[in-house]
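Participant: Just the structure for this:
(one chain, ligands or ions: 2)
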Amino acid sequence: MNNTIKLAVHGAAGRMGQRVVALASGADSVDDASGFTVVGAIDHAEHPKSGQDAGVVAGLSPIEVPISAQWPDDVQVVIDFSLPEALDSCVEHCVANNLPLVIATTGLSDGQKESLAEAARTIPIVWAPSMSLAVNLSMKMAERITSALRDVAGGVDIEILERHHRFKADAPSGTALKFGELIADAMDTEQPVAHVHGREGHTGQRTRNEIGYHAIRVGDNPGEHTIVFGMLGEKIELNVAASNRDCYASGALAAAKWLMQGEAGGPKPAGMYNMFDVLGMADGQ
Ligand SMILES: NC(=O)C1=CN([C@@H]2O[C@H](COP(=O)(O)OP(=O)(O)OC[C@H]3O[C@@H](n4cnc5c(N)ncnc54)[C@H](OP(=O)(O)O)[C@@H]3O)[C@@H](O)[C@H]2O)C=CC1
Ligand SMILES: O=C(O)C1=N[C@H](C(=O)O)C[C@H](O)C1
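Facilitator: Ligands and ions are numbered 1, 2, ... in the order given. Sure, this is the predicted structure:
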């Protein structure tokens, strides 16, 4: 009997979808990727690779699963790496079929975030802008550094630089925005924190309650974030960089496996989870 977890990948023909299909199909021996069978490789019907074997598209031998807009019936868990405009139908399918869902797509609208919160009342969802262990650990470090420097004499200026490949459609990255959200909370100021995206012209002096964001698009960079903590006389730079996309793919597979490991032997209860939950880094864990 086949006891593996039956996985569908949404956005399967894309850069990330291909790596999830490859790792889950055993392309490399990655612990987090063991124990899955890819049963669905979902992409839009007009995709040029539609109908082709998803394993072949991902650079492997055939896995006998075509890239298709049709969802198979035997799916147990879904991983989404697609586009904001493609996500809604994926969430609707998971809610209608009671399927646990890992959402990695970034650039979502406020309305979509509200819809996700609603969906999480019915199904368990892991939603995170970065599935990478190193990035999530760096987020915890950024919170810690921000708190430690909160009352430093002369103050600290915090700026977030992100670099990604030229094909990336959203800016700044979802990860940069999440770093900013966590840092703003850790700044714990009475004044609201201003999120400043790039600077140009006669901007005046930098204020003390702002976080700056700078999005760089270069070549094939799979994702790099640098958080600069600038003080008078010294600075700290926290840099976290992917060498390839497998940190995200294996993190998403770890999240899918975690969703399938509820206390009662079935999936986790309905709710909104993140990678801190998956990695055991949530407050109080
Ligand atoms: N959370 C994380 O750890 C990470 C998140 N990401 C995010 O994941 C997303 C995908 O990234 P990436 O793989 O590089 O992007 P790609 O553009 O390479 O892949 C997206 C795939 O989704 C397809 N798609 C478009 N419309 C639909 C639809 N209606 N239904 C199903 N599939 C559809 C695209 O087709 P077509 O090409 O024809 O548009 C493409 O094949 C981005 O938002 C990115 O920011 C990326 C890496 C890590
Ligand atoms: O589009 C990408 O490539 C990435 N997107 C995510 C983001 O927007 O934060 C995560 C990672 O940095 C790669």
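Participant: Next to ligand 1, which bits of the stretch 151-285 of the chain? Give me the list.
Facilitator: Neighbours of ligand 1 within the stretch 151-285 of the chain, by Cβ under 6 Å from any ligand atom: 170, 248. All C-beta atoms are positioned from the backbone trio N, CA, C, and that covers glycine.
Participant: do that again at 8 Å, thanks
Facilitator: Proximity of the stretch 151-285 of the chain to ligand 1 is confined to 165, 167-170, 173-175, 222-223, 245, 247-248, 251-252 under the rule Cβ under 8 Å from any ligand atom.
Participant: Of these, which count as buried by neighbour count?
Facilitator: For these, a burial check counting by 16 or more other Cβ atoms under 10 Å picks out 168, 170, 173-175, 222-223, 245, 247-248, 251-252.
Participant: filter these down to the ones near ligand 2?
Facilitator: Checked against ligand 2 using Cβ under 8 Å from any ligand atom, these yield the following neighbours: 168, 170, 173-175, 222-223, 245, 248.
Participant: Quick check: the two most widely separated of those?
Facilitator: Looking at these by Cβ to Cβ, the two members farthest from one another are Asp170 and Arg245, with 16.3 Å of separation.
Participant: Quick one: low-confidence residue ranges for the stretch 51-200 of the chain.
Facilitator: Counting by pLDDT under 70, the stretch 51-200 of the chain contains no low-confidence range.
Participant: just the helices in it please.
Facilitator: Using DSSP state H, counting those that start in this stretch, the helices found in the stretch 51-200 of the chain span residues 54-57, 84-96, 110-119, 133-148, 174-187.
Participant: Which stretches in the stretch 151-285 of the chain count as strands?
Facilitator: Counting by DSSP state E, counting those that start in this stretch, one finds strands in the stretch 151-285 of the chain at the ranges 157-164, 194-197, 210-217, 224-230, 235-241, 271-273.
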